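> whatever this is, show me its structure:
(one chain, ligands or ions: 2)
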Amino acid sequence: MAHTTTVHTADTLVIGSGIAGLWATLKAADRGTVLALTKKEKSESNTNYAQGGIAGVVDPDDDFESHVRDTLEAGAGLCHEDAVRVLVTEGPDRIRDLIDFGARFTMIRDEHGERLALGREGGHSRRRIVHAKDLTGREIERALLNAVRLHDRVTIRENHIALDLIVRDNICLGAVALDRESREVEVCLASATILCTGGVGQVYPHTTNPEIATGDGVAMAWRAGATMANLEFIQFHPTAMYHPEAKSFLISEAVRGEGGILRLKDGSTFMEKYHPLACLAPRDIVARAIDAEVKQRGEECAYLDVTHIPEETLVERFPHIVSRCREYGIDPARQWIPVTPAAHYSCGGVVTDLYGRTSIERLYASGEVTCTGVHGANRLASNSLLEAVVFSERAVQSAASLARIDTSGIDVPIPGGDKETDDVSPLLNRLREVMWQHVAIVRTDAGLASATREVAAIRSEIENVYQRSKPGGTLTEARNIAAVAALICRCATTRLESRGLHYNTDHPERDNTNWLRDTVVANGEGATV
Ligand code: FAD
Ligand code: SIN
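Ligands and ions are numbered 1, 2, ... in the order given. I've put the predicted structure just below:
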């Protein structure tokens, strides 16, 4: 293995520039130098595509207990109540901080003056979603990136993909990264590392997530020996657009919050059979209902009908969705929008405590890469942007108490070999199809066993290519997708019941006697669950 020469040092290393990473960057920069790595351009993240909004108790008529109750109810018994209480009670302050950082959320004016407009989404018993029309994530990214730009202690490196964490004696010292343009491997050392790499949607062929969501942080932390949990709980959003060119474009749940109705091809409604909240039932229930109804009838998709909502209201509230639908030849004011479930969010990930600490010293994590205990077996809509800001804030507070670490003299080998990279995309496509067929919305024991075998075989082929090839961004992502797929299979195979987002027809009931607990994978690859 070769050894590298380019070394960067900072007080804090942040990996990722979505909401979790930018918040951590901003807050850590108040206390010292920050190096932030991001594998594409700065704004490219799941955050940037968030539509519905950020949940929070900001209406005087709302109360913390109600938000806590809704979160626990969605989480199907597995939420950690202490984490949920932190999320809900600190959330409103973080939303105010976002506004102070310049985020312009949608306001309404009435006889009482001007206040935040609040949307409604599935599983929420009332309106509490702060939003910027249907481009909430883009507005948050814009505001946070602006604030970061003003900070002279921050260096953001775009097109730098972290390949692996540097961990010695269970202490994290930073990460090895690849400059995707120069193809040089660099070593980034820091007293604290905050992992904010986001989600895993690209493990599946149909996903609302952009291409960056390849589970890098989950895979890196797992390889480094961090404790992981609950990767079986992958959330499938019920209403991604069904269109050959739309790449699973999301039709926000907020559309149902404003009265959108789910229908089948013949116009019949069906959600009332599945849940008292009908179209606004928690996401797992809506996604499974669509899946079941559509399969039963041999149809391709369900439909979201908003034709009864006045066109001006639709355009005013959902300008982005309306214009994207029209680009694809569907006018939502007049036609039903074809929809289908797609992989959307990972409730599991790197286990953290209430201060973002992982099981590895000096390694913190925040955002979708984590399992904070907030989401349990199913995330309540719009709780993830909130989780990212609440726990990034806490992670930085905790990291501030760390003494500086001496990283001089650390020898870091460059990963990989010296051959040009083989194309692993056929392997990756096969893996994604296997995950879609066997480890998606409905699972079986036999399907999980077969997926576990196939994923292991594909993963080992990709790993062989990785070990002999020059480091490459796409290859690294394929390696990580395969690792995350293996972890999802492992967690899903272990849980012999159905709960929240994990539904196995061979164990269709919730089993509180044996499974009212997290699926924890500790001590790295070889460990048992
Ligand atoms: P991300 O925003 O995904 O950021 C991850 C960052 O890490 C990116 O900058 C990425 O480039 C970088 N990165 C990843 N790997 C590496 C690596 N190896 N090296 C360097 N950089 C790396 N949630 C809500 O609460 N409300 C919503 O309305 C909402 N709508 C959504 C709509 C869509 C279409 C999607 C996809 C998600 C939505 N979510 C929503 C979920 C929410 O957006 C995400 O969970 C949240 O934004 C995750 O933030 P994050 O900072 O953890 O990760
Ligand atoms: C949406 O707008 O439907 C997504 C909200 C979320 O994922 O929380």
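
> contacts, neighbours, all on C-alpha from now
Noted.

> just the strands in the stretch 301-450 of the chain please.
For the stretch 301-450 of the chain, the strands defined by DSSP state E, counting those that start in this stretch cover 302-305, 337-346, 349-351, 363-365, 370-371.

> can you redo these as TSV with mean pLDDT and mean neighbour count?
Shown next, in TSV, are the strands of the stretch 301-450 of the chain (pLDDT from 0 to 100; neighbours: other CA atoms under 10 Å):
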stretch	mean pLDDT	mean neighbour count
strand 302-305	98	24
strand 337-346	97	26
strand 349-351	98	31
strand 363-365	98	31
strand 370-371	98	30
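
> where does the closest residue to ligand 2 within the stretch 51-200 of the chain fall, secondary structure wise?
Per CA to the nearest ligand atom, residue 52 is where the stretch 51-200 of the chain lies closest to ligand 2, at 3.2 Å. Assigned by DSSP states H and E, residue 52 falls within no helix or strand.

> got the contact list for it?
Neighbour list for residue 52: 119, 121, 129, 131, 134, 135, 136, 252, 253, 254, 382 [criterion: CA atoms under 8 Å, 6 or more residues apart in numbering].

> dump the residues you listed to JSON lines, plus pLDDT, secondary structure and neighbour count.
Output for the contacts of residue 52, formatted as JSON lines (pLDDT from 0 to 100; DSSP: H, G, I helix; E, B strand; the rest coil; neighbours: other CA atoms under 10 Å):
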{"residue": "119", "pLDDT": "95", "secondary structure": "strand", "neighbour count": "24"}
{"residue": "121", "pLDDT": "91", "secondary structure": "coil", "neighbour count": "28"}
{"residue": "129", "pLDDT": "97", "secondary structure": "strand", "neighbour count": "24"}
{"residue": "131", "pLDDT": "98", "secondary structure": "coil", "neighbour count": "28"}
{"residue": "134", "pLDDT": "96", "secondary structure": "coil", "neighbour count": "25"}
{"residue": "135", "pLDDT": "97", "secondary structure": "coil", "neighbour count": "21"}
{"residue": "136", "pLDDT": "98", "secondary structure": "helix", "neighbour count": "25"}
{"residue": "252", "pLDDT": "95", "secondary structure": "coil", "neighbour count": "21"}
{"residue": "253", "pLDDT": "94", "secondary structure": "helix", "neighbour count": "25"}
{"residue": "254", "pLDDT": "93", "secondary structure": "helix", "neighbour count": "25"}
{"residue": "382", "pLDDT": "97", "secondary structure": "coil", "neighbour count": "25"}
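
> now the helices for the stretch 351-500 of the chain?
384-399, 425-438, 445-468, 473-494 (DSSP state H, counting those that start in this stretch).

> out of those, which is closest to residue 505?
Each of these has some distance to residue 505 by CA to CA; the shortest is helix 445-468, at 8.1 Å.

> what helices or strands is the closest one leaning on?
Secondary-structure packing of helix 445-468 (3 or more CA pairs under 8 Å, 6 or more residues apart in numbering; DSSP states H and E): helix 425-438, helix 473-494.

> nearest to residue 294, out of the helices of the stretch 351-500 of the chain?
Checking the helices of the stretch 351-500 of the chain against residue 294 by CA to CA gives helix 425-438 as the closest, at 15.6 Å.

> average pLDDT across the closest one?
In this model, helix 425-438 carries a mean pLDDT of 98.

> contacts for it next, please.
Residues from elsewhere that reach helix 425-438 (CA under 8 Å, 6+ apart): 203-206, 444, 447-448, 451, 454-455, 458, 462, 478, 482, 485.

> quick one: work out the angle between it and helix 473-494.
Helix 425-438 runs at 20 degrees relative to helix 473-494, counting by axes from the mean of the first three to the mean of the last three CA atoms, to 10 degrees.

> buried residues in helix 425-438?
Residues of helix 425-438 classed as buried by neighbour count (16 or more other CA atoms under 10 Å): 427, 428, 431, 432, 433, 434, 435, 436, 437, 438.

> quick one: it to helix 445-468, angle?
Helix 425-438 runs at 160 degrees relative to helix 445-468, counting by the same axes, to 10 degrees.

> residue 166 belongs to a strand?
Yes: using DSSP: H, G, I helix; E, B strand; the rest coil, the secondary structure at residue 166 is a strand.

> surely it is in contact with residue 173?
Yes: contact criterion CA atoms under 8 Å: residue 166 and residue 173 qualify, at 5.5 Å.

> neighbour count for those two, which is higher?
Between residue 166 and residue 173, residue 173 has the larger neighbour count (other CA atoms under 10 Å), namely 27 against 22.

> show the backbone phi and psi for that one.
With angles defined as degrees, to the nearest 10, residue 173 sits at phi -110, psi 0.

> need the contact list for it.
Counting by CA under 8 Å, 6+ apart, residue 173 makes contact with 165, 166, 167, 189, 190, 191, 192, 193, 362, 407.

> from these, keep the buried residues only.
With neighbours counted by 16+ other CA under 10 Å, those contain buried members at 165, 166, 167, 189, 190, 191, 192, 193, 362.

> mind putting these into a markdown table with pLDDT?
As requested, those are exported to a markdown table (pLDDT from 0 to 100):
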| residue | pLDDT |
| --- | --- |
| 165 | 98 |
| 166 | 97 |
| 167 | 96 |
| 189 | 96 |
| 190 | 97 |
| 191 | 97 |
| 192 | 98 |
| 193 | 98 |
| 362 | 98 |
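
> what is the nearest of those to ligand 1?
Set against ligand 1, the nearest of those by CA to the nearest ligand atom is residue 165 (9.8 Å).

> just checking, the closest one touches residue 176?
Yes: proximity of residue 165 to residue 176 meets the contact threshold set by CA under 8 Å, at 6.2 Å.

> now the strands of the stretch 301-450 of the chain as TSV including distance to ligand 1?
Below are these laid out as TSV (distance: least, CA to the nearest ligand atom, whole Å):
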stretch	distance to ligand 1
strand 302-305	17
strand 337-346	6
strand 349-351	11
strand 363-365	9
strand 370-371	8
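
> for ligand 2, find the nearest of the ones you listed.
Set against ligand 2 and scored by CA to the nearest ligand atom, the strands of the stretch 301-450 of the chain come closest in strand 337-346, at 7.1 Å.

> near ligand 2, anything from the closest one?
No: shown here: strand 337-346 not in contact with ligand 2 (CA under 6 Å from any ligand atom), separated by at least 7.1 Å.

> kindly report the same for stretch 269-288.
No: judged by CA under 6 Å from any ligand atom, stretch 269-288 stays clear of ligand 2, getting no closer than 9.2 Å.

> so how far is the first residue of that stretch from its last?
One end of stretch 269-288 sits 15 Å from the other (CA to CA, to the nearest Å).

> one more: stretch 225-233?
Using CA to CA, first and last residues of stretch 225-233 are 21 Å apart.

> residues of the stretch 101-250 of the chain that sit close to ligand 1?
Within the stretch 101-250 of the chain, the positions lying close to ligand 1 (CA under 6 Å from any ligand atom) are 160-163, 196-199, 208-209, 212, 216, 250.

> farthest pair in these?
The largest separation in these, counting by CA to CA, is between 163 and 250 at 29.6 Å.

> noted, bye for now.
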